[in-house]
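> Give the three-dimensional model of this entry:
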Amino acid sequence: MTAWLAVASAPSDGEGTVTVHAWEGDGTLGDVVASVRLPSPTWLSWDVREPSRPLLQVACEVDDGAVATLALTPASEEGTATLDVVGRCPTGGAGPAHLAVAPDGRHLVAANYGDGSVGLVGLDGTGVVEALLDVVHHEGSGPVVDRQSSPHPHQVVPDAATGVVTVVDLGADALATYRVDGGRLAPVARCALPPGTGPRQLVRVPGGDEAYVVGELSGALLHLRETSPGQFEVLGDLPCSASVGDNPVAHTHLDPSRHLLYVSNRGPDTLTVFDIASGLPRRLAEVATSAHPRHFGVAPGWLLVGGMEADEVALHPLDADGLPGAARTVPAKAPACVAPAEA
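Numbers count the residues shown, from 1 in each chain. Reported below is the predicted structural model:
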């Protein structure tokens, strides 16, 4: 299998670059295989349904929000690899922070953080974006005035088991769940979370009803039970970091085989590993990482952190138990998203 590592660089001036590196899995970031410039790329999602031509879906977090589909053509003996924009489509709102392919594989859903909307985009048979099909606008607010005066969808979470898509709304302290039906987003459920949580990301545990939410504003990890598709009850919570002070938590990743949940903390600039084998999370370790770890990716044996304010990617080796060790770093301009993939 060929391994790739895509890095979205999104400096504050709005200009950005998506680069694809060879990933050898040995603790070094390989040479740039191909790259393309895009406005403010802050989220990447691989689609390798065609291994000979893997795709990247890219959220461009600008006022006139857009999603771009990039196609990677690996190098042949006759030439170099290329990364080409093969599709581009509006997301129907401002500042898309996240996107994901719906369980049917024929649609993509985008969370437009800037204006509180959610866009549904149609895909062609190969996974390339075609057209904006539907937009829904969220309502609601929260008690943190400077961050929750209006809705701010921040993540899209498909559930293959039930066919629904749950949108995490940081501004409204809510989880809104939809089903794609006839090219439209049909509401299924809406679930309120504790005021001031500022939910940023949700993960469901496969094969059961347990789920976890990280609160960017509360700095807490919430343990949930999904009682029906899109309806959740809070079972408990605990701080994501042992450090004192504000902690705008960022990214989460679930390793279901080891029953581990990883969380990045942008207050103390650390990674926390939770044991969730018994459901109730238990903090196993917290290790230092690069400044402002907005996103990280997990590859076999490695955890790769984008340190946005350090202009670097931190490469943490994972031991046999899945715990990250001390990292070595490689330069990367304002890495907003680090996405490993195999094709």
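> From here on, just use CA atoms for contacts and neighbour counts.
Noted.
> can you map out the helices along this protein?
Per DSSP state H, the chain carries no helices over any range.
> Can you list the low-confidence ranges for it?
By pLDDT under 70, the low-scoring segments of the chain are 1-2, 76-79, 342-343.
> Quick check: longest strand in it by residues?
Longest strand in the chain, counting residues (DSSP state E): strand 29-39.
> Report all helices and strands that that one contacts.
strand 15-23, strand 82-90 (3 or more CA pairs under 8 Å, 6 or more residues apart in numbering; DSSP states H and E).
> Relative to Leu318, which of those strands is closest?
Closest to Leu318 of those, according to CA to CA: strand 15-23, at 15.8 Å.
> In that closest one, which residues are buried?
Gly16, Thr17, Val18, Thr19, Val20, His21, Ala22, Trp23 (16 or more other CA atoms under 10 Å).
> ok, which stretches of the stretch 101-250 of the chain are strands?
107-112, 117-123, 129-137, 153-159, 164-169, 174-181, 184-192, 199-204, 210-215, 220-228, 231-239, 249-255 (DSSP state E, counting those that start in this stretch).
> Most tightly packed of the ones you listed?
strand 107-112 (a mean of 29; mean count of other CA atoms under 10 Å).
> which helices and strands sit right next to it?
Against strand 107-112 (3+ CA pairs under 8 Å, 6+ apart) you get strand 96-101, strand 117-123, strand 153-159.
> and the last one, what does it pack onto?
With contacts defined as 3+ CA pairs under 8 Å, 6+ apart, the secondary structure elements packing on strand 153-159 are strand 96-101, strand 107-112, strand 164-169, strand 199-204.
> Export those strands to JSON lines and append columns for distance to Pro268.
As requested, these are arranged in JSON lines below (distance: least, CA to CA, whole Å):
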{"stretch": "strand 96-101", "distance to Pro268": "23"}
{"stretch": "strand 107-112", "distance to Pro268": "27"}
{"stretch": "strand 164-169", "distance to Pro268": "24"}
{"stretch": "strand 199-204", "distance to Pro268": "18"}
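> Can you say which of those strands is nearest to Leu261?
Nearest to Leu261, of those and by CA to CA, is strand 199-204 at 9.2 Å.
> Okay, now the sheet partners of the closest one, with direction.
strand 210-215 (antiparallel) (DSSP bridges).
> quick one: the strand it pairs with to strand 249-255, angle?
Going by axes from the mean of the first three to the mean of the last three CA atoms, to 10 degrees, strand 210-215 is angled at 160 degrees with respect to strand 249-255.
> Contacts made by strand 210-215 with the rest, please.
Outside strand 210-215, the residues that touch it by CA atoms under 8 Å, 6 or more residues apart in numbering are 197-205, 220-226, 240, 248-250, 252, 279.
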